[in-house]
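> Return atomic coordinates for the entry below.
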Amino acid sequence: MLGKKAVRTKCVYRSVACNRGTGTADIHTGTDSIVFCGGRSLILLSRSGVRYSTSSYLPLSSHLKSVSWVKADSAEKAVAGCEDGKVYLWNVNSGEVTEVCKHDDSIVYLSAILCQGHEDWVRGLDFRSTETGCVLASGSQDHYIRLWRINLVKEEEDNQNFKLKENLFHVRDRKYKSTLESILLAHENFVTSVRWMSNGMLLSSSMDKTLIVWEQDSEGMWSESVHVGEVGGNNLGLYGGFPTSDSSLIVSHGFQGALQAWRNTVQEGWVGVPMPGGHFAPVKDISWAPSGHYLLSASADQSVRVSADWQGAGWYEVARSQVHGHDLSCASFISDSSYLSGSEEKVLRVFQATSTFFSNVNAITGSRLESKDACVIGAHIPALGLSNKAITPEDMTSAVEHTGTAHVKDYEIPYQVAFAPASLQEPPLEEVLLQNTLWPEVHKLYGHGYEVYQCAASPDGKTLASSCKASQVQFAAVILWEVGSWSKLGELQHHSLTVTRIKFSPDSTCLLTVSRDRDWAVWDVSSRTLLSSSPSKAHSRIIWDCAWFADSSSFATVSRDKKLKIWDKVNSEMSWQETCSRTFQGSVTALDVSAAGLILLGFESGDISVVARQGDEIEVLCELPRLQCATLTINTIQWRPGVSELMFAACSEDNSLLIVSVCDELSVSLSDEVPREP
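Next comes the predicted model:
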């Protein structure tokens, strides 16, 4: 067992989407660092070449609402506005947070000039200095961009007979004039932001899912120079865009919180660049592939995503295997090539990996995964449908005969979403994730009376178990399913309220269930009989999670009553009794146990701890620094299987997905100091 001082942790991956809205991301023009609002936190991405990776993280856990606006004030500081009506200054180097916005009645602002012309809300403004004054760019929901030139009026200027309409105004005894120089129209929806580039061009973003770079010719006429963005998918548009200091890279953030970037190349023009991303709603469940090569995450944003390590360059999303019409509540790998998921509906769905997924993951991660079950190359979602339909090589051949291309859409083959198989050497871009990385649905499982709440797969991959929300005994049953035939094996009836967690023992012979009724139960999987249950209420509050030890004879439970309890099997009898427990400062909501007996705990506060059993006592080995934790409840926490490196993943209500490495002599990746909040 590792000693208390020997345990060190390093956060190797933090995945979270940018908050929806204009002004939720910005770039510092000196260092090209990107800062964006992610839930109730600020994330700083540092640039290395054309790649961006997370370098700093600030949890604003004291704020009851999310961060809604951010501005990169300098290379070391960022200003953030929260939905609690306050503005804060973040010192990136020290981690210190200071409240900077205080109302001062003595300051009075007077209107100097009114630039009229837009017919709807103005969503973006940006100034550019010139030799004689400045140019103001304004973007509006009326789809137009207007350029206003503001210059100082000189006394010797002649009163010309013909000139553009001027608006005159005075500031500090100086006379200025404002003229409408140009009106730009190319976007087909709201213009959400305008930003001047260092080369004098103008960058605009729109809800039509495009970025446009505008260039002025020698005669003063403005025209489109670059037009990039998304095609297809279910994204509703872009909330903002900004260029790097050298104008070689442009970045946008959109409705689904994804950061997207394009770089200017000599041979290919503007091409996409992989960017960190994440879920834009609470992440409800995670599941490691049995081999440990990739991680599955299910979220209330109605998607299931697969993340993997890009050959040591960082973890990235490599597939969006399921885009659903309901909020996802649970997911569990059956094997490396299939998983089971449940959502706010009464149906469980089984998905199978594609051959395209395996070939791309092998190229991205450097692994050599094989699957004989992957006989399809992709999947698509029919119009008004929720089920991913398989696309076989024969379907693509038929599509080519009808369309003359392998990009299929709405011919005799009923594809409503275009699919184009791609061979990737790096993580896919957002538009590829949206429509070309789906896994086909191979089976539905019916049997629950209410929304599915939890699901699990046995380690041997032969049995599935699931539960649904329940307030009555008849609906609180756990259903067992046989993998392959997908038939119902039976119902396990014991609990009276929702079963909150289901765990198979490592040897796949027993099943452990815990419930809101504060009771646990152990079942024999083969005979589907109850082996044991707690003689009285195991905890005084809701039991949130449970986990088996490697010997399949002991297990642990955690509860809202702030307690971790360990239960040992009584000799050869089929009964378990409490042998040790420990009370913590907050409600414990997530739990997992490693093969070596290290216990992971996730708390309602978002904190994470590593503990271990020492005889009849439970010793705290490590409490993760605040910068490596979440700001809201930890929903699920799991050790990574199949690899020698000790690593775990956790997901939270604050939309974040974390991967943390646990080792002997590693320093904390960001800082051991907790940032000081006002």
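> gap between residue 474 and residue 450?
In this structure, residue 474 and residue 450 are 11 Å apart, going by C-beta to C-beta, to the nearest Å. Every C-beta, even on glycine, is put in place using the N, C-alpha and C of the backbone.
> Of those two, give the one with the bigger neighbour count.
residue 450 (17 against 10; other C-beta atoms under 10 Å).
> Tell me the predicted confidence for that one.
Confidence per residue is given as pLDDT, and for residue 450 that number is 94.
> what about it, distance to residue 563?
29 Å.
> quick one: the strands in the stretch 201-350 of the chain?
Under the criterion DSSP state E, counting those that start in this stretch, the stretch 201-350 of the chain carries strands at the ranges 202-206, 210-216, 222-229, 238-243, 249-254, 259-265, 269-273, 283-288, 294-299, 303-309, 315-323, 328-335, 338-343, 347-352.
> Please name the nearest non-neighbouring residue to residue 166.
Taking C-beta to C-beta, 6 or more residues apart in numbering as the measure, residue 166 lies nearest to residue 177, with 4.5 Å between them; neighbours along the chain are not counted.
> Distance of that neighbour relative to residue 154?
When residue 177 is compared with residue 154 (using C-beta to C-beta), they lie 10 Å apart.
> Tell me if I'm right that residue 464 and residue 334 touch.
Yes. Under the criterion of C-beta atoms under 8 Å, residue 464 is in contact with residue 334, at a separation of 7.1 Å.
> any common contacting residues for those two?
Residues touching both residue 464 and residue 334 (C-beta atoms under 8 Å, 6 or more residues apart in numbering) are 340, 457, 483.
> who's more crowded, residue 464 and residue 334?
Comparing residue 464 with residue 334 by neighbour count (other C-beta under 10 Å), the higher total belongs to residue 464, at 24 against 21.
> relative to strand 338-343, how tilted is the one helix or strand the more buried one maps to?
Per DSSP states H and E, residue 464 falls inside strand 463-468. Using axes from the mean of the first three to the mean of the last three C-alpha atoms, to 10 degrees, one finds that strand 463-468 and strand 338-343 are set 10 degrees apart in direction.
> pLDDT (mean, whole number) over strand 463-468?
This predicted structure assigns strand 463-468 an average pLDDT of 96.
> what's that strand packed up against?
Contacts defined by 3 or more C-beta pairs under 8 Å, 6 or more residues apart in numbering; DSSP states H and E place strand 463-468 against strand 338-343, strand 452-457, strand 478-482, strand 499-504.
> out of residue 177 and residue 154, which sits in the busier spot?
Relative neighbour count places residue 177 above the other of residue 177 and residue 154, with 18 against 8, counting by other C-beta under 10 Å.
> With distance to residue 378 and mean neighbour count added, can I get the helices and strands packed on strand 463-468 in CSV?
Putting the helices and strands packed on strand 463-468 into CSV (distance: least, C-beta to C-beta, whole Å; neighbours: other C-beta atoms under 10 Å) gives the following:
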stretch, distance to residue 378, mean neighbour count
strand 338-343, 16, 25
strand 452-457, 24, 25
strand 478-482, 26, 20
strand 499-504, 31, 24
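> want to throw the ones you listed into CSV with distance to residue 534?
Formatted as CSV, the entries for the helices and strands packed on strand 463-468 read as follows, by distance: least, C-beta to C-beta, whole Å:
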stretch, distance to residue 534
strand 338-343, 26
strand 452-457, 19
strand 478-482, 16
strand 499-504, 14
